[in-house]
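>>> After the sequence you'll find the predicted model.
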Amino acid sequence: MKYSCKYDVSMWNIGDIRVDGAAVLGPMSGFTFKSYREFMKPFGVAVSYSEMTSAVGIVNDDGHTSAYVDFDKNYPTGVQLFGHEAEDLAKAASIALETNPNIDFFDVNMGCPVHKIQRSGAGAILMKDPVKCGEIIRRMKQSVDVPITAKIRLGWDSDHMNYRDVIEELESAGVDAITVHARTKIEKYAGSPHYDVIADLQDDMTVPLIVSGNIYSLDDAVRAVGITGAKAVMVARGGVGNPFLVTQIDRYFRTGERLENPTVHEQVEWCIRLAEMILDEKGEDAGIRKLRSIAPKFIAGCHRSREYRLRLATQTVSMENMVSILDELDWKMGMERINSDGRRTYYSLDDCSDDC
Ligand SMILES: Cc1cc2nc3c(=O)[nH]c(=O)nc-3n(C[C@H](O)[C@H](O)[C@H](O)COP(=O)(O)O)c2cc1C
């Protein structure tokens with residue numbers, strides 16, 4: 001199928017921040033930590049977010065949250081906060097910005113479907129009260145002088161898709177951009193996102209729209225933007241182990257050029273580069289644990305790679321050991337190109353059942 005893009009998405013703004021590019025790296029707890037974001041940046045990421053961070057944790061200085069807000073001046077990087085009291089969120093933003101003036105903006109999580117987060121009154125449950133969503137943004141805007149964005153879903157379930165009410169409240173409170181994950185809370189991460197429901201939504205909005213949901217290939221991105229008119233797409237699961245997807249999206253929306261998928265050899269090199277960066281940030285033990293879940297994704301979707309994925313997931317005990325598994329694969333099938341659709345089916349939904 002051929003999609004055509006009727007929108008120019010190469011330059012847009014988050015408040016006073018000029019954003020150059022259409023590929024946004026979505027917040028993902030357990031993945032979008034500092035070294036992962038730095039690894040992804042040169043592939044063409046226009047904006048990135050921290051993992052979601054507890055506002056109460058920052059306010060109470062609980063010692064676990066400081067790593068989330070610690071980063072160098074990079075490119076528009078937002079700290080994503082979750083919480084349910086406007087006052088906590090406003091205070092957390094101000095403390096975080098004092099701790100790290102490199103924070104370019106704050107995003108508020110209004111879409112997380114995980115039980116633990118809902119129980120605290122944060123995440124997707126906030127959408128049940130659109131006025132409260134607006135109050136949070138208004139209060140945060142009074143507290144800090146950087147842009148504030150929000151990430152929402154379509155609503156609670158298919159009978160309660162109140163995203164338009166929420167957007168209206170957010171906009172009147174002065175939000176600077178909104179991401180819509182085109183699924184309901186009940187759907188979590190499963191099934192096809194409902195881009196048809198938000199067709200041409202950008203036309204009805206006063207701030208930039210970013211869309212999220214099943215962006216695994218360039219065609220997915222072109223289709224999502226073509227339907228909704230969004231300024232950018234959010235790359236989430238589809239980018240883990242396929243950083244070049246960001247380059248494909250970035251290049252297409254600048255020039256119309258379609259770049260081929262990378263080869264297994266390139267994937268192996270990128271996986272090793274990321275591994276070095278993760279070990280540098282997290283240290284050997286924690287780094288290796290992360291790699292067991294991330295490294296297999298670099299070869300997901302390749303023919304005959306199952307054995308190697310399993311070995312990477314279960315036998316990675318050191319960097320040397322991971323490199324030797326990858327080298328063996330590279331030698332066998334280095335010139336094959338990865339298949340984005342194969343990657344889509346590989347991604348088990350269990351991967352994210354409890355992360356956010
Ligand atoms: C493991 C995992 C962790 C996530 N963590 C966050 C998070 O911290 N904050 C957030 O707003 N969304 C989070 N998300 C949602 C993603 O940002 C994205 O909206 C969602 O995965 C839909 O995009 P996709 O279908 O292309 O993966 C997470 C998703 C996954 C799979």
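Sure, I can see it. Numbering: from 1, shown residues only.

>>> Correct me if wrong: residue 304 contacts residue 336.
No: if you go by CB atoms under 8 Å, residue 304 and residue 336 don't touch, sitting 9.1 Å apart. Where you see a C-beta, it was placed from the backbone N, CA and C, and this is true even at glycine.

>>> wait, does stretch 25-45 make contact with the ligand?
Yes: Stretch 25-45 lies within reach of the ligand by CB under 6 Å from any ligand atom, at 26-30.

>>> before we move on, the earlier item: which one of residue 304 and residue 336 has more residues nearby?
Set side by side, residue 304 and residue 336 show more neighbours around residue 336, with 18 against 11, by other CB atoms under 10 Å.

>>> Which residue is the nearest non-sequential neighbour of residue 233?
residue 221 (4.5 Å; CB to CB, 6 or more residues apart in numbering).

>>> how about that neighbour, what does it touch?
Contact partners of residue 221, counting by CB atoms under 8 Å, 6 or more residues apart in numbering, are 22-23, 215, 233, 235, 249, 252.

>>> Return the subset of the residues you listed lying in strands.
The members of these that map onto strands under DSSP state E are 23, 233, 235.

>>> which of those tops the neighbour count?
Neighbour max across the ones in strands among the contacts of residue 221 (other CB under 10 Å) = residue 233, 30 neighbours.

>>> Wasn't residue 170 part of a strand?
No: using DSSP: H, G, I helix; E, B strand; the rest coil, the secondary structure at residue 170 is helix, not a strand.

>>> Might one say that it is in contact with residue 137?
Yes: look at residue 170 against residue 137 with CB under 8 Å: they come within range, at 5.6 Å.

>>> if I look at the two, which residues touch both of them?
By CB under 8 Å, 6+ apart, the residues touching both residue 170 and residue 137 are residue 150.

>>> Which segments of the chain make up each domain?
For the chain, automatic domain parsing gives the domain ranges 11-255, 264-348.

>>> How many residues are close by residue 73?
10.

>>> show me what contacts residue 96?
Contacts of residue 96 by CB under 8 Å, 6+ apart are 53, 58, 69, 79, 81, 103, 106.

>>> try residue 308
296, 299, 325-326, 328-329.

>>> May I ask which two of those are separated the most?
Greatest spacing in the contacts of residue 308, by CB to CB: 296 and 328 (14.2 Å).

>>> The two - which one has more neighbours?
Neighbour tally, residue 296 and residue 328, criterion other CB under 10 Å: the higher count belongs to residue 296, 23 against 14.

>>> Once you drop chain neighbours, what's closest to the more buried one?
Spatially, and ignoring its direct neighbours in sequence, residue 296 is nearest to residue 309 (4.0 Å; CB to CB, 6+ apart).

>>> Next, give phi and psi for that neighbour.
Reported as degrees, to the nearest 10, the phi and psi values for residue 309 are phi -60, psi -40.

>>> same thing with residue 263?
Phi and psi for residue 263, reported as degrees, to the nearest 10, are phi -90, psi 170.

>>> Check the gap between it and residue 307 for me.
Distance from residue 263 to residue 307, counting by CB to CB, to the nearest Å: 19 Å.

>>> For stretch 61-75, list the C-alpha coordinates in CSV.
Taking Å, rounded to 0.1, in the frame of the first residue of the first chain, the C-alpha atoms of stretch 61-75 are listed here in CSV:
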residue,chain,number,x,y,z
ASP,A,61,13.6,13.2,47.7
ASP,A,62,13.3,9.5,48.0
GLY,A,63,16.7,8.8,46.5
HIS,A,64,15.4,6.6,43.6
THR,A,65,14.2,9.4,41.3
SER,A,66,17.3,11.6,40.9
ALA,A,67,18.7,9.4,38.1
TYR,A,68,15.7,10.1,36.0
VAL,A,69,16.2,13.8,36.0
ASP,A,70,20.0,13.8,35.6
PHE,A,71,21.1,14.4,32.0
ASP,A,72,23.3,16.8,30.1
LYS,A,73,22.1,19.4,27.6
ASN,A,74,21.2,17.3,24.7
TYR,A,75,18.3,18.0,22.4
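
>>> List the contacts of it.
Contacts of stretch 61-75 (CB under 8 Å, 6+ apart): 33-34, 37-38, 41, 45-48, 50-51, 53-54, 56-58, 77, 79, 95-96, 99-100, 102-103.

>>> so where's this structure shaky on pLDDT?
1-9, 341-356 (pLDDT under 70).

>>> Quick one: name the residues of it near the ligand.
26-30, 51-52, 80, 109, 111-112, 151, 181, 189, 212-215, 234, 236-238, 352, 355-356.

>>> Tell me which of these fall in strands.
Counting by DSSP E, the part of those found in strands is 80, 109, 151, 181, 212, 234.

>>> returning to that earlier point: closest to the ligand out of the ones in strands among the contacts of residue 221?
residue 235 (6.8 Å; CB to the nearest ligand atom).

>>> For the closest one, give its distance to residue 169.
27 Å.

>>> tell me which element the spatially closest residue to residue 25 that is not a sequence neighbour falls in.
Spatially, and ignoring its direct neighbours in sequence, residue 25 is nearest to residue 48 (4.1 Å; CB to CB, 6+ apart). For residue 48, the host element (DSSP states H and E) is strand 47-49.

>>> State the next helix or strand along the chain beyond that strand.
strand 53-54.

>>> Give me the helices and strands touching whichever helix or strand comes after that following strand, please.
Heading C-terminal from strand 53-54, the first helix or strand you meet, by DSSP H and E, is helix 55-59. Helices and strands touching helix 55-59, as assessed by 3 or more CB pairs under 8 Å, 6 or more residues apart in numbering; DSSP states H and E, comprise strand 77-82, helix 86-99.
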